[in-house]
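Colleague: here is the input, now give the coordinates:
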Amino acid sequence: MSSPLRIAVADDEPELRRYFTIVLPRLGYEVVAVAENGRELLEQCLVTRPDLIITDYNMPEMDGLEATREIARTFAVAVMLVTGYDDRLSPKAGEAEHVHAQVTKPFKMAQLAASITLATERFADQQAGLPVGPRSTTFPGGECLPREFHVNRMAKDQFNRT
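Modeller: The predicted structure follows:
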């Protein structure tokens with residue numbers, strides 16, 4: 001049996017940090033770091049070296065994009081960006097090669113699970129030198145772009161398993 005995926009999370013909203021610490025273990029993952037800003041995320045990840053980082057984009061002191069860019073210079077890690085903006089409004093995030101998946105708040109547990117799967121699969125493909133497909137974004141209100149069909153399908157499959 002393989003060990004669970006080790007995840008670091010960062011968000012400046014205490015409720016979302018708490019949500020991650022409750023939901024991620026229920027999904028079979030291990031939370032190894034919890035940070036409230038990008039600087040804390042950077043410091044904790046250099047010590048814990050997680051398999052996946054789930055981080056908010058807009059945080060005080062250092063944003064999640066800047067923190068994960070710095071971390072990715074040190075070691076290879078899958079990155080999932082959580083944002084309150086769709087990718088049309090955050091072009092820096094949309095162009096970041098070190099970000100493997102993106103989900104927009106608010107999101108459901110099935111969308112979180114599907115986005116984690118997408119992030120880890122895209123990271124594995126990137127590490128293997130394979131072409132990597134588009135990130136996903138779930139818009140507030142549930143509107144979806146055609147390129148997100150595969151993420152919604154994975155979310156539906158995950159929901160049907162529970």
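Colleague: so where's this protein uncertain?
Modeller: Low-confidence segments of the chain (pLDDT under 70): 1, 85-96, 132-162.
Colleague: just the helices in it please.
Modeller: Assigned by DSSP state H, the chain shows helices spanning 14-26, 38-48, 64-74, 91-95, 109-127, 149-161.
Colleague: out of those, flag the one nearest residue 55.
Modeller: Residue 55 lies closest to helix 64-74 among these, at 3.4 Å (Cβ to Cβ). Bear in mind the C-beta positions are built from the backbone N, C-alpha and C, glycine included.
Colleague: which elements pack onto that closest one?
Modeller: Under the contact definition 3 or more Cβ pairs under 8 Å, 6 or more residues apart in numbering; DSSP states H and E, helix 64-74 sits against helix 38-48, strand 52-56, strand 78-83.
Colleague: please export the C-alpha coordinates of that helix as CSV.
Modeller: Extracted as CSV, the C-alpha positions of helix 64-74 are listed here (Å, rounded to 0.1, in the frame of the first residue of the first chain):
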residue,chain,number,x,y,z
GLY,A,64,0.6,32.0,-3.4
LEU,A,65,1.9,32.3,-7.0
GLU,A,66,5.1,34.0,-5.9
ALA,A,67,5.6,31.5,-3.0
THR,A,68,5.1,28.4,-5.2
ARG,A,69,7.4,29.8,-7.8
GLU,A,70,10.1,30.2,-5.2
ILE,A,71,9.4,26.7,-3.9
ALA,A,72,9.5,25.2,-7.4
ARG,A,73,13.0,26.6,-7.8
THR,A,74,14.1,24.4,-4.8
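Colleague: that helix vs helix 38-48, what angle?
Modeller: Orientation check (axes from the mean of the first three to the mean of the last three Cα atoms, to 10 degrees): helix 64-74 against helix 38-48 gives 30 degrees.
Colleague: and the helices of the chain as a markdown table, adding distance to residue 54 and mean neighbour count?
Modeller: As requested, the helices of the chain are exported to a markdown table (distance: least, Cβ to Cβ, whole Å; neighbours: other Cβ atoms under 10 Å):
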| stretch | distance to residue 54 | mean neighbour count |
| --- | --- | --- |
| helix 14-26 | 7 | 14 |
| helix 38-48 | 10 | 19 |
| helix 64-74 | 9 | 20 |
| helix 91-95 | 14 | 14 |
| helix 109-127 | 8 | 20 |
| helix 149-161 | 15 | 15 |
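Colleague: tell me which of these sits nearest to residue 8.
Modeller: With Cβ to Cβ as the criterion, residue 8 lies closest to helix 38-48 of the helices of the chain, at 5.3 Å.
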